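> Show me the folded form of this:
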Amino acid sequence: MVERRDRRTPTLRGRQLGIDLKRLRIEAGLTADQAADALGCSQGKISRIELAQTGVSKGDLFLMLDLYGLADAAIKERYWRLAREARGRGWWENYREVITGGLSTYIAFEAEASELRTWSWGTINGLLQTDDYARATFTGEPAGRNRSTDEVDKLVEARMARQRRVDNRSLKLWAVLDESLLYRPIGGRDTLRAQLDFLLRPRNNIVIQVLTQQTVWHAGLNGAFSLMTFDDHPPVVFLESLTGDLSVEGERDVKGFTLAFDYLRAAAASVEESRELIAQARDMT
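Predicted structure coming up:
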């Protein structure tokens, strides 16, 4: 196997390929070190392929599958198709100078999700932000202090690009917002008012609920999160943190966050009541 250091953003198909290759290796009774020795490469390369951090050539892939005891030619070709699809560049790759790390992975997964369920209490979810509100989140302290105007422009452009899937209704969105967001003047009063007007736009693929401030104890107290579901891949949860979005894929953990979101939407105001709360906040802004 020839070593190549072409690190990339893990995509959904790349992650699925990596999961399958790791499973096949473990089922063959091999450690990553043993597989690397047999294939003549470093243990790091095996790990990067399994973590979808690097692509894999057809020759290397078939060598791995042979080593793991997979002889079915049709299944091998299916894995190669998956590997080819995983190597495709997403639109977000054009923003690599400003979209890095966890955010890049988040967007790559979001681009293939069929439904997104999200809980927000710091800022309104990016898929529901106006241009001006998004700009304010990127220029606010302390992170905005070190961003150039060009960087901010590209971040806002990328955020608006993410909204295309909502606009063309290829992504369903269920958002639960903390009521405090309706009164937090990010970007100033005019920006907030326009943002609230935007939330009131009726769209049949979006559900918005507001969790009132009277709800003292609830399932979202530990922070914002997004739960993504896919047509042909297990659900994934992303947690917001100061250092970026962290992914959670363990079945037990994902079930825990699914239950937490169910509790949140049950505790939140109904869709109709939520619209009234948003309209009331807009009129008071």
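> do you know how far L155 is from T100?
In this structure, L155 and T100 are 11 Å apart, going by CB to CB, to the nearest Å. Backbone N, C-alpha and C define where each C-beta goes, glycine included.
> With A194 instead?
Between A194 and T100 the distance, using CB to CB, works out to 29 Å.
> likewise R81?
As for R81, its distance to T100 is 29 Å (criterion: CB to CB).
> what do you get for S42?
The span separating S42 from T100 equals 24 Å under the rule CB to CB.
> the more surrounded of A194 and T100?
Under the criterion of other CB atoms under 10 Å, the comparison of A194 against T100 puts A194 first, with 16 against 12.
> which outside residues touch stretch 278-285?
Residues external to stretch 278-285 that are found in contact with it (CB atoms under 8 Å, 6 or more residues apart in numbering): 182-183, 185, 189, 192-193, 196-197, 199-200, 208, 210.
> Now do the same for T215: helix, strand or coil?
coil (DSSP: H, G, I helix; E, B strand; the rest coil).
> Surely it is in contact with A267?
Yes: here T215 reaches A267: they are 5.5 Å apart, a contact under CB atoms under 8 Å.
> before we move on, the earlier item: name only those of the contacts of stretch 278-285 that count as buried.
182, 192-193, 196, 199, 208, 210 (16 or more other CB atoms under 10 Å).
> Next, format those residues as TSV and append pLDDT.
Conversion of the buried ones among the contacts of stretch 278-285 to TSV gives the following (pLDDT from 0 to 100):
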residue	pLDDT
L182	97
L192	98
R193	98
L196	98
L199	98
I208	98
V210	97
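> Filter these down to just the ones in helices.
Judged by DSSP state H, helices contain the following of these: 192-193, 196, 199.
> Now those in a markdown table, please, with extra columns for distance to Y95.
Conversion of those to a markdown table gives the following (distance: CB to CB, whole Å):
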| residue | distance to Y95 |
| --- | --- |
| L192 | 26 |
| R193 | 29 |
| L196 | 28 |
| L199 | 26 |
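> Tell me the one of those residues nearest V176?
For these, the closest approach to V176 (CB to CB) belongs to L199, at 12.5 Å.
> Skipping its backbone neighbours, what lies nearest that closest one in space?
Setting aside the residues directly before and after it, L199 is nearest to I278 in space (CB to CB, 6 or more residues apart in numbering), at 5.3 Å.
> Count the residues that sit near the one you found.
23.
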